[in-house]
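>>> Below are the sequence and a predicted model; questions follow.
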2 protein chains.
Amino acid sequence: MQEILRKHIEKIISLTDEEFTFVWSHFTVKKYKKHQFLIQEGEAVKYHYFVLSGLLKLVYTDEAAKEHIVSFAMEDWWESDFYAFYTQTKATLSLECLEDTEVLCLSLDGYKKLCDDLPEMVRFFLEKANFGFIASQRRIISWLTLSSRERYEQLLKQSPSLIQRVPKSLLAAYLGVSRETLSRLSS
Amino acid sequence: MQEILRKHIEKIISLTDEEFTFVWSHFTVKKYKKHQFLIQEGEAVKYHYFVLSGLLKLVYTDEAAKEHIVSFAMEDWWESDFYAFYTQTKATLSLECLEDTEVLCLSLDGYKKLCDDLPEMVRFFLEKANFGFIASQRRIISWLTLSSRERYEQLLKQSPSLIQRVPKSLLAAYLGVSRETLSRLSS
DNA sequence: ACAAACCTCACGATTATCATGTGAGGAATG
DNA sequence: CATTCCTCACATGATAATCGTGAGGTTTGT
């Protein structure tokens, strides 16, 4: 389990054993069952999560109580309600398990301490933040430039393994179409 | 919805309109979906819950990851991880929805304020606490004096409506027997 | 030592829930 | 006016959950 995190980090930066022990000490491991929530709307967001195994959905529920999927998080993915986490305000999103899931939890204090005491970790988190930022922009661009069918096809290409694990109704909520429309687009 | 709380409280104490408005201002309403958790083991317990509609189970999970049902909470029921709530420590129990559920949430500060500013509410909460305490003792007595079959029969008499809404495997976990044994006791 | 009570594992049947595809009417948009 | 998509409804199939039962084993009380 430590190995997973170390491999993940060392894709980007190098760490000595001592440095990694320090990094590891800021994380706690937690297991959740399918349907359980890591984050609930209206609650404080204490952690930034790294997925060891399992699958999560980050959900925005609108005033009509309709669920929209902001993102999915599978293994090797970082997820949280980032706005609420960094500003220490209440969550506007919820993070729910689609499968039994095991995560590493990093608190804001832990995060800051890692950045203060290990400058290499700043580079690591920067890379992750940039990755997320770029992914968001590309998603916006695809929303602006592609039809629903094209966006679905793009998703199929980019995340074939995700498609296997997620009900089509959730994929539809992620793509911003109804599940009936997605069914029709798939033909 | 206010009406439900008012009726519930006025079974025990009288409140003027002004007093009730004050009481009501300390509650917030929340809706949860089936499978969602109000309390998760290891988390802070911020609220004492009053069930407006729906059904909850209060669960203790042992070291072998086996679930035991401490209690169920249906309409007109108060529930929480009381120890964790009053001591503001981390939950050792979890509170999960068996149905879509709507609750009123009362924080510890709100609870204290109600008691400080409205002595009648002390009497109300005392009555509730006594009720819960007595129910726990009767349960202990039934554990000490009755066979499993007899405890099941007693539950059938006391909570016929609950029995309809809860899977037998959960009733078994509440009674402290296996679901196979409960099946056999039912014959 | 033995009977009773219960657990656990396994299996099979049934029921409930979930997922999915499709039809049809309607709204919004270009 | 055509196209795209939504919503509601229905039907079907797959999956998950529930439940009863058999059998072997353990624990407990007498």
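Cool, got the structure. Residues are numbered from 1 along each chain as shown, chains lettered A, B, ... in the order given.
>>> And for whatever residue of chain A ends up closest to chain B, nearest residue in space, chain neighbours not counted?
Residue of chain A nearest chain B, by CB to the nearest CB: A:H35 (3.7 Å). C-beta coordinates here come from the backbone N, C-alpha and C atoms, glycine included. Nearest residue to A:H35 in three dimensions, chain neighbours excluded: B:H35, at 3.7 Å (CB to CB, 6 or more residues apart in numbering or on different chains).
>>> Give me the distance between the spatially most central residue of chain A and A:F72.
In chain A, the centroid-proximal residue (CA atoms, centre = their mean) is A:E79; its distance is 3.0 Å. Distance, A:E79 to A:F72, using CB to CB, to the nearest Å: 9 Å.
>>> joint contacts of those two?
In terms of CB atoms under 8 Å, 6 or more residues apart in numbering or on different chains, A:E79 and A:F72 are both contacted by the residues A:56, A:58.
>>> so the residue nearest to A:H35 touches B:C97, yeah?
Yes - counting by CB atoms under 8 Å, B:H35 does reach B:C97; the two are 6.2 Å apart.
>>> more crowded one of these two?
Neighbours around B:H35 and B:C97, counted as other CB atoms under 10 Å in any protein chain shown, are more numerous at B:C97. The numbers are 21 against 17.
>>> who touches the residue nearest to the centre of chain A in this structure?
Applying CB under 8 Å, 6+ apart to A:E79 gives the contacts A:49, A:51, A:56, A:58, A:71, A:73, A:95.
>>> so how far is A:F85 from A:Q36?
For A:Q36 relative to A:F85 (CB to CB), the value is 19 Å.
>>> Correction: the previous question concerned A:S148.
In terms of CB to CB, A:S148 sits 31 Å off from A:F85.
>>> Look at those two and report which has more neighbours.
With neighbours defined as other CB under 10 Å, A:S148 and A:F85 compare such that A:F85 has more, 21 against 17.
>>> can you confirm the more buried one is in a helix?
Yes - using DSSP: H, G, I helix; E, B strand; the rest coil, the assignment for A:F85 is a helix.
>>> surely it meets A:Y49?
No - the criterion here is CB under 8 Å, and A:F85 misses it with A:Y49 at 9.6 Å.
>>> which helix is the longest one in chain A?
helix A:119-145 (DSSP state H).
>>> top of the contacts of A:E79 by neighbour count?
That'd be A:L95 among the contacts of A:E79, by other CB under 10 Å, with 27 neighbours.
>>> can you pull the contacts of that one?
Contact partners of A:L95, counting by CB under 8 Å, 6+ apart, are A:37-39, A:49, A:56-59, A:73, A:79-81.
>>> if you set the cut-off to 6 Å instead, what comes out?
A:L95 is in contact with A:38-39, A:56, A:58, counting by CB atoms under 6 Å, 6 or more residues apart in numbering or on different chains.
>>> Let me know the closest of those residues to DNA strand D.
Of all the contacts of A:L95, DNA strand D sits closest to A:L56, with 17.0 Å by CB to the nearest atom of the strand.
>>> Write down the beta-bridge partners of that closest one, one by one.
A:A73, A:C97 (DSSP bridges).
>>> what do you get for A:Y60?
With DSSP bridges applied, A:Y60 shows beta-bridge pairing to A:H68.
>>> Please tell me how far it sits from A:I134.
21 Å.
>>> who has more neighbours, those two?
Higher neighbour count among A:Y60 and A:I134: A:Y60, with 15 against 10, using other CB under 10 Å.
>>> ok, then the element right after the longest helix of chain A?
Next along the chain after helix A:119-145, taking DSSP states H and E as the criterion, comes helix A:148-158.
>>> want to throw the contacts of A:E79 into a markdown table with pLDDT and distance to A:E19?
A markdown table is the format used below for these (pLDDT from 0 to 100; distance: CB to CB, whole Å):
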| residue | pLDDT | distance to A:E19 |
| --- | --- | --- |
| A:Y49 | 96 | 22 |
| A:V51 | 96 | 23 |
| A:L56 | 95 | 28 |
| A:L58 | 94 | 30 |
| A:S71 | 92 | 30 |
| A:A73 | 94 | 26 |
| A:L95 | 94 | 29 |
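>>> now, which of those lie within strands?
Within those, residues falling in strands by DSSP state E are A:49, A:51, A:56, A:58, A:71, A:73, A:95.
>>> Spell out which parts of chain A neighbour DNA strand D.
Taking CB under 7 Å from any atom of the strand as the contact definition, chain A meets DNA strand D at A:147-149, A:176-178, A:180-181, A:185.
>>> do that again at 6 Å, thanks
Where chain A comes near DNA strand D, counting by CB under 6 Å from any atom of the strand, the residues are A:147-148, A:177-178, A:180-181.
>>> give me the number of residues near A:E75?
A:E75: 15 neighbours (other CB under 10 Å).
>>> Distance-wise, check it relative to B:E120.
Per CB to CB, A:E75 is found 55 Å from B:E120.
>>> Which positions within the one helix or strand A:L171 maps to qualify as buried?
Using DSSP H and E, A:L171 falls within helix A:168-175. Neighbour-count burial for helix A:168-175 flags A:170-175 (criterion: 16 or more other CB atoms under 10 Å in any protein chain shown).
>>> go on, stretch A:39-57?
Buried-residue list, stretch A:39-57, by 16+ other CB under 10 Å: A:39-41, A:43, A:45-52, A:54-57.
>>> wait, which of those residues is closest to B:R139?
Taking CB to CB as the measure, B:R139 lies nearest A:Q40 of those, at 30.7 Å.
>>> Give me the spatial nearest neighbour of the closest one, chain neighbours excluded.
Nearest residue to A:Q40 in three dimensions, chain neighbours excluded: A:S94, at 5.2 Å (CB to CB, 6+ apart).
>>> Report how many residues lie close to the one you found.
21.
>>> dump the residue contacts of it.
A:37, A:39-41, A:59.
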